[in-house]
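Student: coords below, sequence missing:
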């Protein structure tokens, strides 16, 4: 029995779909019962569990062969970092209570860095806390999700400009489709039993790196108009993110991450674990957002 938390999200849904296609039993753990029907339709057992509810999470993990976890992020939380750290602690308590033999946690590129990396520091904290649990651990560190760039479709469509905090605009960086990360997770869950020491570190990114300039071109192709990338001044980052609906604390986490990203420090940890490449390119990842 494979227990997948966050089963209605982009990563979790892809994991569940692949596991069911392989014919293995899946228990989809989700917060909202109203979203259960499509998962039940493909043969999933359904468990309802809030990430903050240790007893419900532990019950969902019962008799699991392996569990997949992803830390929920609330971009409007007054204390976004504190909210994530609380969720991490509750997940760890559930692991200790249920004692599944294996846990795969979706982590983040840069989680190995001891410096302040904003939101990525939360994933470093998650890895550290989960290593204290008795389960065998797999950390699937994900590059930035390609799908995140779809948030710029509206402004790009209206102005022909894609503002970017990735600087300089011609610097390539790793990015990956969330669906490819979900597929990698399924492969690891199916194949990892008895695989070496814990934790196992796997890095996931797309078929190649992209620049902000190339991503703007991909948006333009989707919108059938010319789109150019334009540097968003550092002084405008916080206010721009907050106007987009992020809380002050979450916006600050993103700003601090981008400061480190623009130094070229966010990537796969050199000489540690393995690197897997997804097959989805940026155009294909964005296609489902076509206006």
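Tutor: Looks like it arrived, so ask away. The structure displayed is predicted, hence computed values, not measured ones.

Student: so what's the backbone phi/psi at residue 26?
Tutor: Recorded main-chain torsions at residue 26 are phi -130, psi 130, according to degrees, to the nearest 10.

Student: quick one: it from residue 78, how far?
Tutor: Between residue 26 and residue 78 the distance, using CB to CB, to the nearest Å, works out to 35 Å. From N, CA and C alone the C-beta is placed, and that goes for glycine too.

Student: Neighbour count: those two, which is higher?
Tutor: residue 26 (26 against 11; other CB atoms under 10 Å).

Student: Skipping its backbone neighbours, what lies nearest residue 161 in space?
Tutor: Counting by CB to CB, 6 or more residues apart in numbering, residue 161 lies nearest to residue 230, which is 5.0 Å off, once chain neighbours are set aside.

Student: same question, residue 36
Tutor: Closest to residue 36 by CB to CB, 6+ apart is residue 46, at 4.6 Å.

Student: Tell me what that neighbour is bridged to.
Tutor: For residue 46, the residues forming beta bridges with it (DSSP bridges) are residue 28.

Student: Enumerate every residue touching it.
Tutor: For residue 46, the residues meeting the contact criterion (CB atoms under 8 Å, 6 or more residues apart in numbering) are 27-28, 30, 33, 36, 39-40.

Student: which SS state does residue 87 fall under?
Tutor: Going by DSSP: H, G, I helix; E, B strand; the rest coil, the secondary structure assigned to residue 87 is helix.

Student: just residue 77 next, same as before
Tutor: For residue 77, the secondary-structure state derived from three-state DSSP is coil.

Student: neighbours around the residue lying closest to it once chain neighbours are set aside, how many?
Tutor: What sits nearest to residue 77 in space, not counting adjacent residues and going by CB to CB, 6+ apart, is residue 83, at 4.3 Å. Burial measure for residue 83: 21 neighbouring residues, criterion other CB under 10 Å.

Student: Over to residue 83: give its phi and psi.
Tutor: Summarising the backbone geometry of residue 83 under the convention degrees, to the nearest 10, its torsions are phi -60, psi -40.

Student: what's the pLDDT at it?
Tutor: Model confidence at residue 83, expressed as pLDDT, equals 96.

Student: how near is the residue nearest to residue 36 to residue 58?
Tutor: If you measure residue 46 against residue 58 using CB to CB, the figure is 16 Å.

Student: now residue 226
Tutor: The gap separating residue 226 from residue 58 is 53 Å, by CB to CB.

Student: And residue 45, by the same measure?
Tutor: When CB to CB is applied, the distance between residue 45 and residue 58 equals 16 Å.

Student: Looking at these two, which one has more neighbours?
Tutor: Neighbours of residue 45 and residue 58, each counted by other CB under 10 Å, are more numerous for residue 58; the result is 18 against 14.

Student: which residues of the chain score low on pLDDT?
Tutor: Applying pLDDT under 70 to the chain picks out residues 192-196.

Student: could you redo the last one with a cut-off of 90?
Tutor: Flagging of the chain using pLDDT under 90 yields the residue ranges 192-198.

Student: Quick one: the helices in it, in order.
Tutor: In chain order, the chain shows helices spanning 10-21, 37-41, 54-60, 80-98, 119-130, 153-159, 178-191, 212-223, 237-243, 248-261, 282-287, with DSSP state H as the criterion.

Student: Out of these, which gets nearest to residue 205?
Tutor: Closest approach to residue 205 among these is made by helix 178-191 (8.8 Å; CB to CB).

Student: And the furthest pair within the contacts of residue 46?
Tutor: 27 and 33, at 14.4 Å, using CB to CB across these.

Student: between those two, who's got more neighbours?
Tutor: The neighbour count for residue 27 versus residue 33, taken as other CB under 10 Å, is higher for residue 27 (22 against 9).

Student: and residue 238, how many residues sit next to it?
Tutor: Other residues within reach of residue 238 by the criterion other CB under 10 Å amount to 15.

Student: now the one 10 residues further on
Tutor: For residue 248, the count of nearby residues is 13 (other CB under 10 Å).

Student: In contact with it, which residues?
Tutor: With CB under 8 Å, 6+ apart as the criterion, the residues that contact residue 248 are 238, 242.

Student: any idea how far residue 215 is from it?
Tutor: The span separating residue 248 from residue 215 equals 27 Å under the rule CB to CB.
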